[in-house]
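S.K.: Provided below for reference: sequence and predicted model.
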Amino acid sequence: MKSGDILVEDSILNPTNRTRLVYPILYCYRHGLELAMKWVIAMFGQYADICSSDHLDHDLWTLWAACKKIIFAVCSDDDESNEALQAVQQIVKDFHDWDRIAMAFRYSDDKNGIGFKLPDYPIDLSNIRSVMQAVGRFFFGVEGQLEDIIASGDFDI
């Protein structure tokens, strides 16, 4: 996530770099999102019968489903209407829809030479940075909450 932030800052300070940096920025944020979810799965998956070795691919939607299962299992709260959860879920879905296999922001074509369909509208990089910083804080908070619940003994192992 931090790499995306640095690239956004450079694109603001040097506007001529914007067009060259937009895809690396999106890739960094997508990768940061993927790693945040894989971290939750690796650290807490055992509490929801989820094995991290089953989640080694780049499918953000599958990773999100595993994260939600962990959050609901440990927190004993399956409130799908939680505003933060819904916001992060939409962001995960957007990145998943844009780049289902973690290649569209890295390569212009797939392995068969077919171009990736990417958003055809301007992307507000300052806004995406703010949004992704909030997503990073969400996962930091999730980690802390899960650790606290498990450490407090309020969760049956």
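M.R.: Received, thanks.
S.K.: tell me which element Gln90 is part of?
M.R.: Element membership for Gln90 (DSSP states H and E) is helix 83-98.
S.K.: elements contacting the very next helix or strand once past that helix?
M.R.: Scanning forward in sequence from helix 83-98 by DSSP H and E, the next helix or strand is helix 125-152. Where contact means 3 or more CB pairs under 8 Å, 6 or more residues apart in numbering; DSSP states H and E, helix 125-152 is packed against helix 2-13, helix 18-44, helix 60-75, helix 83-98. Heads up, the C-betas are built off the backbone N, CA and C, glycines and all.
S.K.: between those, which gets nearest to Glu147?
M.R.: Nearest to Glu147 among the helices and strands packed on helix 125-152 is helix 18-44; the distance by CB to CB comes to 8.3 Å.
S.K.: Would you mind giving the helices and strands packed on helix 125-152 as CSV with distance to Ala104, mean neighbour count and mean pLDDT added?
M.R.: Shown next, in CSV, are the helices and strands packed on helix 125-152 (distance: least, CB to CB, whole Å; neighbours: other CB atoms under 10 Å; pLDDT from 0 to 100):
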stretch, distance to Ala104, mean neighbour count, mean pLDDT
helix 2-13, 16, 16, 96
helix 18-44, 8, 19, 94
helix 60-75, 12, 19, 95
helix 83-98, 6, 16, 95
